[in-house]
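Student: Mind folding the following:
(one chain, ligands or ions: 1)
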Amino acid sequence: MTKDYYKILEITEQVSEEDIKIAYRRLARKWHPDIAGNTKEVISMFKDINEAYEVLSNKVKKNEYDKARRFYNYAHEKNSTNDRTATKKNTTKPQDSKMNFSFNWEEFLGKKYRDSAFKKEEAKAPKKGDDIYTDIEISYFEAISGVTKTINMLQTQVCPKCKGRKFANDSFCSYCNGKGELVNHKKFKVKIPAGIKNHSKIRLAGEGNKGINNGANGDLYIVIHVVEQSFHKIEGLNILKTVPITPYEAVLGTKIKISSPNGNIDVKIAPRTQNGQKIRLTGCGIMQNNHVGDMIITVEIKIPNNLTNEEINLYKKLEEISSCNIRHLEDA
Ligand SMILES: [Zn+2]
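Tutor: Numbers count the residues shown, from 1 in each chain. Below you'll find the predicted structure:
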């Protein structure tokens, strides 16, 4: 037998599919020409390992191979018995008997492969490329207004030179560096329409992995994830938002950060801001069909729950020194 794929992968016929994979991975790493050196011997070994795996990892091929291998071993055993008999009797020529039992193993296997359906299908039939899925996060505002996003994708293609076999013209395929596939980086501009719902999918036809044997390309699916934003309400194109501030912030004034469809913006809270006071941010609402709304902020004075004793004492002091009676303010 020219090639014993089990010997090449250093396994027995009884091992599981998983063990075949493990053995292949280990040996493919060990004998990879990038690691073991780009010599003829290494390339030949690497080629054998890949060939062995190609056959043993495919149920149909493995089955054919096992049958042929058993037949060969049987024939070979018989052959050596005959050899011994021949030697003892010293009559027939051992070479002749050997010739009778030897057969072109690769041809036999090759013919079997050519005859079987999987080979035909694999070799000629166009195969659609795989679909690719990718996730993209957009803000709540972007979901309402619509947005254009740029995404980066890796698209794989079976190597057109070695057809995924990792070898071309009996040597390591230089076109794909023996990987059997090419990975292309592609940039897409995706227009996400206004009003898109969370978990919607946008399909870019033909932008998935490349088809094989002139098969159609797969599709690219972009899964939309809308990031929720709290404390806001939408009214037409306006965004209504309530923002809590502390009593001292209300008295002294402060600066706060607000997320808006235009990104984060700094908003000034004036000194002596009253509870319920509204701040209108013109043009910071939702953009739709060339119209843009406003953002309306309602300030809510809130007392923090976790006041320290020191803070309470300062309020006590404030109570002592304050001369204003807020309930008679209007009479004053
Ligand atoms: Zn290649």
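
Student: Next, count neighbours for residue 204.
Tutor: Residues contacting residue 204 under the criterion other Cβ atoms under 10 Å number 16. Backbone N, C-alpha and C define where each C-beta goes, glycine included.

Student: quick one: the nearest residue to it once chain neighbours are set aside and the ion, what's the gap?
Tutor: Distances taken as Cβ to Cβ, 6 or more residues apart in numbering place residue 220 nearest to residue 204, at 4.2 Å, with adjacent residues excluded. Note on residue 220: its distance to the ion, by Cβ to the ion, to the nearest Å, is 24 Å.

Student: beta partners for residue 220?
Tutor: Legend: beta-bridge partners of residue 220 under DSSP bridges are residue 132, residue 204.

Student: got the contact list for it?
Tutor: Residue 220 makes contacts with 131-132, 134, 153, 188, 203-204, 207-208, as judged by Cβ atoms under 8 Å, 6 or more residues apart in numbering.

Student: if you set the cut-off to 7 Å instead, what comes out?
Tutor: Counting by Cβ atoms under 7 Å, 6 or more residues apart in numbering, residue 220 touches 132, 153, 204, 207-208.

Student: mind giving me TSV with those residues and columns for distance to residue 268 and pLDDT?
Tutor: Formatted as TSV, the contacts of residue 220 follow (distance: Cβ to Cβ, whole Å; pLDDT from 0 to 100):
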residue	distance to residue 268	pLDDT
132	47	88
153	43	82
204	44	92
207	46	89
208	50	88
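
Student: before we move on, could you check phi and psi at the residue nearest to residue 171 when sequence neighbours are not counted?
Tutor: Computed as Cβ to Cβ, 6+ apart, the closest residue to residue 171 that is not its neighbour in sequence is residue 43, at 6.0 Å. Main-chain torsions, residue 43, degrees, to the nearest 10: phi -60, psi -40.

Student: What separation is there between residue 43 and the ion?
Tutor: 13 Å.

Student: Just to check, residue 236 is in contact with residue 291?
Tutor: No - applying Cβ atoms under 7 Å as the test, residue 236 and residue 291 come out as separate, 9.4 Å apart.

Student: Which phi and psi values does residue 278 adopt?
Tutor: Backbone torsions of residue 278, given as degrees, to the nearest 10, read phi -110, psi 140.

Student: Switch the contacts of residue 220 over to a markdown table; also include distance to the ion.
Tutor: A markdown table is the format used below for those (distance: Cβ to the ion, whole Å):
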| residue | distance to the ion |
| --- | --- |
| 132 | 21 |
| 153 | 21 |
| 204 | 27 |
| 207 | 23 |
| 208 | 20 |
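
Student: Look at residue 271 and say how many residues are nearby.
Tutor: Residue 271 has 11 nearby residues by other Cβ under 10 Å.

Student: And for the one 3 residues further on?
Tutor: Using other Cβ under 10 Å, the number of residues around residue 274 comes to 8.

Student: And it, how far from residue 297?
Tutor: Distance, residue 274 to residue 297, by Cβ to Cβ, to the nearest Å: 13 Å.

Student: Ok, residue 59 next?
Tutor: 66 Å.

Student: What of residue 307?
Tutor: In terms of Cβ to Cβ, residue 307 sits 25 Å off from residue 297.

Student: Please compare these two by neighbour count and tell me which comes out ahead.
Tutor: Between residue 307 and residue 297, counted using other Cβ under 10 Å, residue 297 has the larger neighbour count: 23 against 12.

Student: List the buried residues for stretch 286-306?
Tutor: Using 16 or more other Cβ atoms under 10 Å as the test for burial, stretch 286-306 gives 286-287, 292-297, 299, 301.

Student: Repeat that for stretch 157-164.
Tutor: Buried residues in stretch 157-164, counting neighbours by 16+ other Cβ under 10 Å, are found at 157-159, 162-164.
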